[in-house]
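Q: sequence and predicted model, in that order:
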Amino acid sequence: MNKVETDRLLLRAPREDDAPALLAIRNSGFVRRFNPMSVWDEKRMRGEIREEIENDSAYYIERKADGALLGMIGVEEDELRYRVRAKGVSYYLDEAYARQGYMKEALRTVIRTLFAQDPELEVVSARVFCGNIASERLLLSLGFTCDGCIRRCVRMEDGTVFDDMQFSLLRGELR
């Protein structure tokens, strides 16, 4: 993962020593509310970080002003599309930094980087639980289109079932 900078942020590859800070963000109720994640311990978090490093599949969001780790953006193949060059993004941010434009700045930069690095890339997708209004608005503000709803898509550990909204952004649509 190449390091990418914005005015306020450093988007960089994960490091194993990020585990304690990212674990606190990942295990928070704020993040887990709209993500099908179980609570992890530090050992599991370190294992995930090693996989992200090996697979070059994540950007960690660091604030340049003080080095604070704010969250992450994951990048994976979009398994829904067939014979179309597509990547899927997933993301989360510490509640303390929400609604301050950090994720919009980071996601816009990562998407630009993905399109720049791969001239064959046609689409970037993201999925959002219905009811996650902030994330829906974020994607729409970046130029994503809502492709539709997958009803009864994800069952959480507590038994709650969410519908999932599918969003896509074609090359040239990023705002």
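A: Received the coordinates, thanks. Numbering: from 1, shown residues only.
Q: any idea how far stretch 57-76 is from the chain center?
A: 10 Å (CA atoms, centre = their mean, to the nearest Å).
Q: repeat for stretch 159-170
A: Taking mean C-alpha positions (CA atoms, centre = their mean), stretch 159-170 and its chain are 13 Å apart.
Q: show me the shaky parts of this protein.
A: 1 (pLDDT under 70).
Q: helix/strand/coil for Glu136?
A: Put simply, Glu136 is helix when judged by DSSP: H, G, I helix; E, B strand; the rest coil.
Q: and the nearest residue to it once chain neighbours are set aside, what element?
A: The shortest distance from Glu136 to any non-neighbouring residue, by CB to CB, 6 or more residues apart in numbering, is to Val128 (5.5 Å). Where C-beta positions appear, they are placed from N, C-alpha and C, glycine not excepted. Secondary structure assigned from DSSP states H and E places Val128 in strand 123-129.
Q: tell me which element Arg50 falls in.
A: Judged by DSSP H and E, Arg50 forms part of helix 42-55.
Q: again, but for Gly159
A: Using DSSP H and E, no helix or strand contains Gly159.
Q: for it, grab the count of nearby residues.
A: 6 (other CB atoms under 10 Å).
Q: ok, Met37 next?
A: Counted with other CB under 10 Å, Met37 comes out at 14.
Q: now the helices for the chain?
A: For the chain, the helices defined by DSSP state H occupy 19-26, 29-32, 42-55, 102-117, 133-141.
Q: can you pull the buried residues of the first one?
A: Buried residues in helix 19-26, defined by neighbour count with 16 or more other CB atoms under 10 Å: 19, 21-23, 25-26.
Q: counting contacts, what elements does it pack onto?
A: Contact analysis of helix 19-26 by 3 or more CB pairs under 8 Å, 6 or more residues apart in numbering; DSSP states H and E lists helix 42-55, strand 69-77, strand 86-93 as its packing neighbours.
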